[in-house]
Structures are given as C-alpha cells and as structure tokens.
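# I'd like to go over a predicted model; first the sequence, then the structure.
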Amino acid sequence: MAKEKQKVFAVIGLGTFGARLCEELGTKGGKVLAIDNQERLIEKVKDIASQSILMDSTDEDAMSQVPFEDVDTAIVAIGDNLEASIITTALLKKMGIPRILARSVTDIHRRILRQVGADEIINIEIDEGMRLGRQLISPDVLDNISLSDQVSLAEVAVPREFANHSLIDLDLRNRMRVTVVAIRRTSTRIDEEGNALRQERVLFPGPEDIIEESDILIIVGMNEDIHLFREY
C-alpha cells in the first residue's frame, strides 16, 4: 500500500491561537509552514514548525518567494489586524492555494474575508485551536475520545455512499464493526429578516432511520475499525 502523502499547512499569524494550531498540526503528523512578522513569535514555534519564516504577509513580493507550492491548506490566524488579515487572504487566493481558512473577529470582517477568497471562516478561541488541528489532519474524523487503549468514540462524516440509506440496511455493526450511537444533524432556516439560522440537534436513531449526507455520525468501535470506516 502506498504511503499516504503528508499534509502540508501554512499558518500565518502566530499569536496564541496560531501557535497552538501549529503545535497540534505538527504533533498529529502535518508539515507546518509558520509565518509571522514578529521575531519573538517565530522563536516560539521554530521547534514545532517544519519551517518558520519572518516576514510581512501583506508584502506581495515577499509572499511570492515563500514555498507555497506544496501547501494543501493555508490558515490566516491573524486576529488583531483586520487589514493584514484581509490582504493576506487575498494574496493567498491570488497564488492559487487550494484551501484557505481565515479567522474573523467581526461580522463585517467575516463577509470581507469571504469576498476576497476565504473558503472557510473560523471565529474561535484558544481551546478550539487543538480541535481545528485534529479536524484538518483528519477531516473525516471531527472529534475523537479514547475510551481505552483500543476503543474510541468518534464523530465521523457520512460517506457519500451511505447517504439516504437506513441504519438497518447499512448494517454497520456487522459490515464494519462500528456502532452508531447518535447523529448530529444540522438544518438551516430563514428568519423574518432574511438571515440564515443554523440549528443543530442530536438524534438517537432507530434501525429504520435514514442517514442524510450532511449528518455527523457518532460511532463507537475499535480504533482500527474506526480508521477503516474513515477510509471508506
């Protein structure tokens, strides 16, 4: 079996959130390119990141010299300088980075980041840096809790082939040796002012319940079986 390609991330902005994200991505097996314009912040992550670069990410000429060609995902973690955050996001988009996540601090900031090219917007505090790192490394496993050395409870995205089938038809306990204990399901409604409101609920499904493509399955099983489910 061919060895899985190491995922490469660029983290721009190395405050508390960015530094924590670098640490989590690195410990989970990712290759991290860390960028900031403050030397003291570069020093803090130089032993964590695969490569750290002291530079101004709003300088287009400087950015063109950075080895972004292997980067799968860039995370603009700048939180205290909205102008720098927006310009950096726009430059990354111009350079053709496949996936750009940008941190927003206000609603208008979020909208502008979307307009200049951010694929996803994040607005989370320190503790969520670790959670995001796990999600980026294993996008199909959203969260994981170890119940023992060999057994875990995991949040897993629904494989496309499983959508619109009932649990009894999928027979996951026998086919893949995992048990669905709950489902997180998100729906969107429009309020009176025309704003889209996301609503999330947790379901405890019966055998006849139909799985939807956007569902998140909460499963329990042996670690190797969860891994095989993720690779399905």
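Thanks, I have it.
# From here on, just use CA atoms for contacts and neighbour counts.
Fine.
# what mean pLDDT does stretch 205-222 have?
Mean per-residue pLDDT for stretch 205-222: 90.
# for stretch 46-53, same thing?
If you average the pLDDT values across stretch 46-53, you get 93.
# what about that stretch, start to end distance?
9 Å (Cα to Cα, to the nearest Å).
# For it, list every residue counted as buried.
48-53 (16 or more other Cα atoms under 10 Å).
# Counting only strands, which of these make the cut?
Using DSSP state E to define strands, the subset of the buried residues of stretch 46-53 located there is 51-53.
# returning to that earlier point: CSV please, covering the buried residues of stretch 46-53 and showing distance to Gly13.
Shown next, in CSV, are the buried residues of stretch 46-53 (distance: Cα to Cα, whole Å):
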residue, distance to Gly13
Ile48, 15
Ala49, 13
Ser50, 16
Gln51, 14
Ser52, 11
Ile53, 11
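# Please export the C-alpha coordinates of stretch 199-214 as PDB.
Extracted in PDB, the C-alpha atoms of stretch 199-214 (Å, rounded to 0.1, in the frame of the first residue of the first chain):
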ATOM      1  CA  GLN A 199     -29.900  24.700  14.000                       C
ATOM      2  CA  GLU A 200     -28.300  21.600  15.300                       C
ATOM      3  CA  ARG A 201     -29.900  18.700  17.100                       C
ATOM      4  CA  VAL A 202     -28.700  15.300  18.400                       C
ATOM      5  CA  LEU A 203     -30.700  12.200  17.400                       C
ATOM      6  CA  PHE A 204     -30.600   8.800  19.000                       C
ATOM      7  CA  PRO A 205     -31.600   6.800  15.900                       C
ATOM      8  CA  GLY A 206     -33.500   3.600  15.500                       C
ATOM      9  CA  PRO A 207     -32.800   0.900  12.800                       C
ATOM     10  CA  GLU A 208     -35.200   2.400  10.300                       C
ATOM     11  CA  ASP A 209     -33.900   6.000  10.500                       C
ATOM     12  CA  ILE A 210     -32.400   7.300   7.200                       C
ATOM     13  CA  ILE A 211     -28.900   8.800   7.200                       C
ATOM     14  CA  GLU A 212     -28.500  12.200   5.500                       C
ATOM     15  CA  GLU A 213     -25.400  13.200   3.600                       C
ATOM     16  CA  SER A 214     -24.800  16.200   5.900                       C
END
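# which of the residues in that stretch are buried?
Quick answer for stretch 199-214 (16+ other Cα under 10 Å): 210-213.
# Please identify the helix or strand for Asp80.
Counting by DSSP states H and E, there is no helix or strand that carries Asp80.
# Could you measure from it over to Ser152?
38 Å.
# Could you do Arg111 as well?
38 Å.
# Comparing those two, which shows the higher neighbour count?
Neighbour count, other Cα atoms under 10 Å: between Arg111 and Ser152, Ser152 has more, with 19 against 13.
# what about stretch 184-203, start to end distance?
Terminal-residue distance, stretch 184-203 (Cα to Cα): 6 Å.
# ok, now stretch 214-230?
15 Å.
# That one: which residues count as buried?
Result for stretch 214-230 [16+ other Cα under 10 Å]: buried residues 215-223, 225-226, 229-230.
# now stretch 101-121
101-104, 109-110, 113-114, 116-118, 121.
# Met55 is in contact with Ala34, isn't it?
No: between Met55 and Ala34 there is no contact under Cα atoms under 8 Å: 10.2 Å.
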